[in-house]
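**Student:** Pasting the sequence and the predicted model now:
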Amino acid sequence: MGLFSSAAPVATSFKLMQDVNLIPVDAPTSDAPLQAPGIKSQTLWADRPTLIVLIRRPGCLLCRNEAFTLAGQRDLIQNELGIRMVAVVNQEFGAKDFADNFWKGEAYFDKDLGLFKAMGDGKVRRGSLLSLMFPSVLARFSEAKKSGLDSNLAGDGTMLGGLLIVRPGNDGVEYEYPETTFGDHAPLDTVLETCKNLAAKYPKKA
């Protein structure tokens, strides 16, 4: 990857998505260590479709804005359509604050970066910090600032995230959107349409 290049997406490995240990983000305070027993990743989508947003850095303004926007659709996606909504963070610092105040829902800490590696077919995908000067990235920051959300610079700023919508059981990935430059998030209208189509295939259980 060149200094100013974006990270070329590769197909997410559903095989590598299995057996990833995920620690629930439910510490009593924002600075408490996440030490609860973990769950295996496949339990997230064992019995119903699941939307998973991979957060590249919990304190990132662009990430918080994405999470806040998706959280605003929870009544439709999760409550009405029956699609489970989960956020996965890659660092412990700031995870509780992110989960409580921006995502406002179910979140997990991927200590070994297993799901992030699965989206990179075995490798953690990274972007160049120089790409922060891309006009498209600057425009995203400008738009995100309008949200009024706060942010910080703590943590690894090079890792890339993405979004996955997974079919239940062993039926694989329905939709994937790997972040290629910072703040390159899945289009909301596409996410909603995919969720509606998936809900038709796998109706919400009573």
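**Tutor:** Arrived safely, thanks for sending. Just so it is clear, the structure is predicted and the values come from calculations on it, not from any experiment. Residues are numbered from 1 along each chain as shown.
**Student:** alpha carbons only for contacts and neighbour counts from here, please
**Tutor:** OK.
**Student:** can I have the longest helix anywhere in the chain written out in CSV, keeping just the CAs?
**Tutor:** Longest helix in the chain, counting residues (DSSP state H): helix 188-201. Taking Å, rounded to 0.1, in the frame of the first residue of the first chain, the C-alpha atoms of helix 188-201 are listed here in CSV:
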residue,chain,number,x,y,z
LEU,A,188,-27.3,3.8,5.1
ASP,A,189,-29.9,3.3,2.5
THR,A,190,-28.1,0.1,1.3
VAL,A,191,-27.8,-1.2,4.8
LEU,A,192,-31.5,-0.7,5.5
GLU,A,193,-32.5,-2.3,2.2
THR,A,194,-30.3,-5.3,2.9
CYS,A,195,-31.8,-5.6,6.3
LYS,A,196,-35.3,-5.5,4.9
ASN,A,197,-34.5,-8.1,2.3
LEU,A,198,-32.9,-10.4,4.9
ALA,A,199,-35.8,-10.0,7.3
ALA,A,200,-38.1,-11.3,4.5
LYS,A,201,-35.9,-14.4,4.1
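**Student:** which outside residues touch that helix?
**Tutor:** Residues from elsewhere that reach helix 188-201 (CA atoms under 8 Å, 6 or more residues apart in numbering): P49, L70, I77, L81, G82, I83, I165, R167, E174, Y175.
**Student:** Report pLDDT for the fourth one.
**Tutor:** Per-residue confidence (pLDDT) for L81: 97.
**Student:** tally of neighbours for the residue lying closest to it once chain neighbours are set aside?
**Tutor:** Spatially, and ignoring its direct neighbours in sequence, L81 is nearest to A199 (5.6 Å; CA to CA, 6 or more residues apart in numbering). By the criterion of other CA atoms under 10 Å, A199 has 19 neighbours.
**Student:** could you pull out the strands for this structure?
**Tutor:** For the chain, the strands defined by DSSP state E occupy 21-24, 39-40, 50-55, 84-89, 107-109, 162-166, 173-178.
**Student:** possible to save the ones you listed as a markdown table with mean pLDDT and distance to C195?
**Tutor:** As requested, the strands of the chain are exported to a markdown table (pLDDT from 0 to 100; distance: least, CA to CA, whole Å):
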| stretch | mean pLDDT | distance to C195 |
| --- | --- | --- |
| strand 21-24 | 95 | 24 |
| strand 39-40 | 96 | 23 |
| strand 50-55 | 98 | 8 |
| strand 84-89 | 98 | 10 |
| strand 107-109 | 96 | 19 |
| strand 162-166 | 98 | 8 |
| strand 173-178 | 97 | 9 |
